[in-house]
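Asks: Here's a sequence, model it:
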Amino acid sequence: MKQFSVVKIIELNKEFTLSESDLGTRAPLVGDVGTIVDVYGSDFYIE
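Replies: Got it, this is the predicted structure:
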């Protein structure tokens, strides 16, 4: 995976929870499309 690649989530390995401070956002769902913004070895951050 490269930085700024567009990806589609096909599986989630954890349950995401949001707090009240996360106003205007929602937890990621299978089928969502995102962009890789940071790569950390074999891990990456999708936005």
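
Asks: packing partners for the longest strand seen in the chain?
Replies: Across the chain, the longest stretch assigned as strand under DSSP state E is strand 33-40. Other helices and strands packing on strand 33-40, by 3 or more C-beta pairs under 8 Å, 6 or more residues apart in numbering; DSSP states H and E, are strand 6-8, strand 43-46. For the C-beta atoms, the positions are set from N, CA and C on the backbone; glycine is no exception.

Asks: weakest of those strands in terms of mean pLDDT?
Replies: Lowest mean pLDDT within the helices and strands packed on strand 33-40: strand 43-46, a mean of 86.

Asks: Spatially central residue in this protein, please.
Replies: Geometric centre of the chain, nearest residue: Ile46, 3.9 Å, by C-alpha atoms, centre = their mean.

Asks: what's the nearest residue to it if we skip its chain neighbours?
Replies: Excluding its sequence neighbours, the residue lying closest to Ile46 (C-beta to C-beta, 6 or more residues apart in numbering) is Gly34, at 4.0 Å.

Asks: Contact partners for that neighbour?
Replies: Val6, Val7, Ile9, Pro28, Ile46, Glu47 (C-beta atoms under 8 Å, 6 or more residues apart in numbering).

Asks: again, 7 Å this time
Replies: For Gly34, the contacting residues are Val7, Ile46, Glu47, by C-beta atoms under 7 Å, 6 or more residues apart in numbering.

Asks: Out of those, flag the one nearest to Asp22.
Replies: Of all the contacts of Gly34, Asp22 sits closest to Glu47, with 13.9 Å by C-beta to C-beta.

Asks: so that closest one makes contact with Thr35?
Replies: Yes. In terms of C-beta atoms under 7 Å, Glu47 counts as a neighbour of Thr35; the distance is 5.8 Å.

Asks: where does this structure dip in pLDDT?
Replies: Scanning the chain for pLDDT under 70 picks out 20.

Asks: how about a cut-off of 80?
Replies: The model of the chain has pLDDT under 80 over residues 1, 18-25.

Asks: What is the burial count for Gly41?
Replies: Using other C-beta atoms under 10 Å, Gly41 has 5 other residues around it.
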